[in-house]
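Novice: the following block contains a protein sequence and its predicted model.
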Amino acid sequence: SGSADENDVVVIGGGPGGYVAAIKAAQLGLKTTCIEKRGTLGGTCLNVGCIPSKALLHSSHMFHEATHSFASHGVKFSQVEIDLPAMMAQKDKAVSGLTKGIEGLLKKNKVNYVKGYGKFVSPSEVSVDTIEGGNTVVKGKNIIIATGSDVKSLPGITIDEKKIVSSTGALSLTEIPKKLVVIGAGYIGLEMGSVWGRLGSEVTVVEFASDIVPTMDSEVRKQFQRMLEKQKMKFKLKTKVVGVDTSGDGVKLTLEPAAGGEQSTLEADVVLVSAGRTPFTAGLGLEKLGIETDKVGRITVDKRFMTSVPGVFAIGDVIPGPMLAHKAEEDGVACVEFIAGKEGHVDYDLVPGVVYTHPEVASVGKTEEQVKTMGVEYRVGKFPFMANSRAKAIDDAEGLVKILAEKETDKILGVHIMAPNAGELIHEAVLALQYGASSEDIARTCHAHPTMSEAVKEAAMATYDKPIHM
Ligand code: FAD
């Protein structure tokens, strides 16, 4: 210890949690090393998650618009084609440009970047099997575990990334499947199902639970599901997959009602398993150090992100909380602020969630069901995009804004938006909740016309008074 090569902070994992923590640490004047085994930075999010999925969602949306909407806007052409390799190349270009950008940011901030697989030797030493084939030991006064998560399979189902794919395989299919079965109706399954559905696949989503995206406000969810059904996505809810046969050309699935009962079969060319993600700590040596994990393998931490071993911290998907990139980033900043002797803060109740389908669904704070169980008296303000001039002008008016506010104080408790750009619209609501605003605060804030954001203002008006345009 005390040697010249010792770091103040060593980060294991270069995903949104890890690389953000490393940059923040360096900005705070701490000597920092970031270890990443993948060979590229950005983690799951940038390499096989948020970014490539949004690239394909955009490309497939363009195709869908061209075939379904252009003519009604008076834009006509004789033929539209899909060039799947070109679509994939555009996605890959976006990913590689961004991963290199992060490498540049680490350099700019003087973060030492080690490419290789990190394992604990002690609470202050990490042995790295480097990608080039050597081994090096990295020492640090503080070590942050940011090893993220991995895809989860289901019992009896083997992911081969060809016929049975995870989200990673679904981001690089080389052919458009005729029939795609998605197991799991979470946001990843619905986003990837939307991509391939728009490109021509017949998509069936099989879900064990009685609802899609269980965390969503149920009124919004109902409208959302109806909208996906209008886009020809089929749902088999309260259904479990009990058998998978890949011996033929495609895949034959055996289904059974969740509660038991008569079996049925379903055929697919490709099956996407999107049944959740699991914390990734393989080979790290947590047991050796005695770092505690919970029942599902997440590393348990205190308010300062410290594990059961002093000096060792953990952030992002590998700890409890929403498994989202922006949550991992917030964890990373707060954790490093604590290490630097400052205060850090992340409010997991105010982490926005977005499903990037079309329209998008975004939310922050409590659902109506949650508000009911809280037992507070509340008011609901709603405004449909059918009554929003901008949405009508562009002929993309499906969706609504729903605001829940405490009756007595008008304090906003939750906001739910379904709209083409809901993922952008939600941030005014996130800020409002962060500042403890009332719905009247939003209603009395001047919003530019004509914008989709006016629907947020009108829903706020509807919460304690009346909207103008309804
Ligand atoms: P990760 O991003 O998983 O990064 C961990 C990194 O650590 C990895 O690169 C891994 O290689 C490395 N690593 C692990 N162990 C070691 C080791 N021992 N030594 C060295 N390196 C190691 N979230 C959103 O917010 N918005 C979205 O739109 C979104 N879309 C998604 C779409 C898909 C298809 C998927 C799969 C996920 C999506 N997510 C999205 C979730 C998001 O990707 C994760 O929440 C986020 O990446 C978590 O960040 P992290 O830094 O904790 O972990």
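Specialist: Looks like it came in fine.

Novice: contact residues of the stretch 1-150 of the chain facing the ligand?
Specialist: Applying Cβ under 6 Å from any ligand atom, we find that the stretch 1-150 of the chain lies next to the ligand at 12-18, 35-38, 43-45, 49-50, 53, 117-118, 146-149. All C-beta atoms are positioned from the backbone trio N, CA, C, and that covers glycine.

Novice: is any residue of the helix or strand hosting Phe313 near the ligand?
Specialist: Taking DSSP states H and E as the definition, Phe313 sits inside strand 312-314. No: judged by Cβ under 6 Å from any ligand atom, strand 312-314 and the ligand are separated, with a smallest distance of 9.3 Å.

Novice: name the residues that touch that strand?
Specialist: 120, 123, 142-146, 289, 291, 299, 301, 304-307, 335, 339 (Cβ atoms under 8 Å, 6 or more residues apart in numbering).

Novice: so of the residues you listed, which ones are in strands?
Specialist: Judged by DSSP state E, the subset of these located in strands is Phe120, Asn142, Ile143, Ile144, Ile145.

Novice: using CSV, lay out these together with pLDDT and neighbour count.
Specialist: Compiled in CSV, the ones in strands among the contacts of strand 312-314 are given as follows (pLDDT from 0 to 100; neighbours: other Cβ atoms under 10 Å):
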residue, pLDDT, neighbour count
Phe120, 98, 22
Asn142, 98, 24
Ile143, 98, 28
Ile144, 98, 30
Ile145, 99, 30
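
Novice: as TSV, those with distance to Asp317 would be great.
Specialist: Shown next, in TSV, are the ones in strands among the contacts of strand 312-314 (distance: Cβ to Cβ, whole Å):
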residue	distance to Asp317
Phe120	19
Asn142	20
Ile143	17
Ile144	13
Ile145	11
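
Novice: and the helices in this structure?
Specialist: 16-27, 43-48, 50-68, 84-108, 167-170, 187-198, 218-230, 286-289, 325-339, 368-374, 389-393, 422-434, 439-443, 454-464 (DSSP state H).

Novice: now for the fourth one, which elements pack on it?
Specialist: Put plainly, it is helix 84-108. If contacts are counted by 3 or more Cβ pairs under 8 Å, 6 or more residues apart in numbering; DSSP states H and E, helix 84-108 sits against helix 16-27, helix 43-48, helix 50-68, strand 112-122.

Novice: how far out from the middle of the chain is the third one?
Specialist: Read that as helix 50-68. Counting by Cα atoms, centre = their mean, to the nearest Å, helix 50-68 is centred 17 Å from the centre of its parent chain.

Novice: and for the last one?
Specialist: Chain-centre distance of strand 112-122: 26 Å, with Cα atoms, centre = their mean.

Novice: surely Val151 meets Gly169?
Specialist: No: in this structure Val151 lies outside contact range of Gly169 using Cβ atoms under 8 Å: 9.3 Å.

Novice: OK, contacts around the residue lying closest to Lys24 once chain neighbours are set aside?
Specialist: Excluding the flanking residues, the one nearest Lys24 by Cβ to Cβ, 6 or more residues apart in numbering is Val336, at 4.5 Å. By Cβ under 8 Å, 6+ apart, the contact set of Val336 is Val9, Ala21, Lys24, Ala25, Leu28, Leu30, Ile144, Gly344.

Novice: what about 10 Å?
Specialist: Val336 sits next to 8-9, 11, 20-28, 30, 32, 142, 144, 305, 313, 315, 342, 344 when contact means Cβ atoms under 10 Å, 6 or more residues apart in numbering.

Novice: setting aside sequence neighbours, what's the nearest residue to the residue in the stretch 301-450 of the chain that the ligand sits nearest to?
Specialist: Per Cβ to the nearest ligand atom, the residue of the stretch 301-450 of the chain with the smallest distance to the ligand is Gly316, at 2.2 Å. Using Cβ to Cβ, 6+ apart and skipping residues adjacent in sequence, the residue nearest Gly316 is Gly17, 2.9 Å away.

Novice: residue contacts, the one you found?
Specialist: 11, 43, 45, 144-148, 314-319, 325, 327-333, 335.

Novice: what about 7 Å?
Specialist: Ala146, Gly148, Ile315, Gly316, Ala328, Glu329, Asp331, Gly332 (Cβ atoms under 7 Å, 6 or more residues apart in numbering).

Novice: make a markdown table from these and add distance to Val128, pLDDT and neighbour count to it.
Specialist: Shown next, in a markdown table, are those (distance: Cβ to Cβ, whole Å; pLDDT from 0 to 100; neighbours: other Cβ atoms under 10 Å):
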| residue | distance to Val128 | pLDDT | neighbour count |
| --- | --- | --- | --- |
| Ala146 | 15 | 99 | 31 |
| Gly148 | 17 | 98 | 26 |
| Ile315 | 19 | 98 | 34 |
| Gly316 | 19 | 98 | 35 |
| Ala328 | 22 | 98 | 30 |
| Glu329 | 24 | 98 | 22 |
| Asp331 | 23 | 98 | 29 |
| Gly332 | 20 | 98 | 31 |
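
Novice: out of those residues, who's nearest Leu180?
Specialist: Gly148 (26.3 Å; Cβ to Cβ).

Novice: what is the burial count for the closest residue to Met386 other than its chain neighbours?
Specialist: Nearest residue to Met386 in three dimensions, chain neighbours excluded: Ala397, at 5.0 Å (Cβ to Cβ, 6+ apart). When neighbours are defined as other Cβ atoms under 10 Å, Ala397 has 20 of them.

Novice: likewise for Ser72?
Specialist: 8.

Novice: how close does it get to Thr357?
Specialist: Ser72 is 21 Å from Thr357, where distance means Cβ to Cβ, to the nearest Å.
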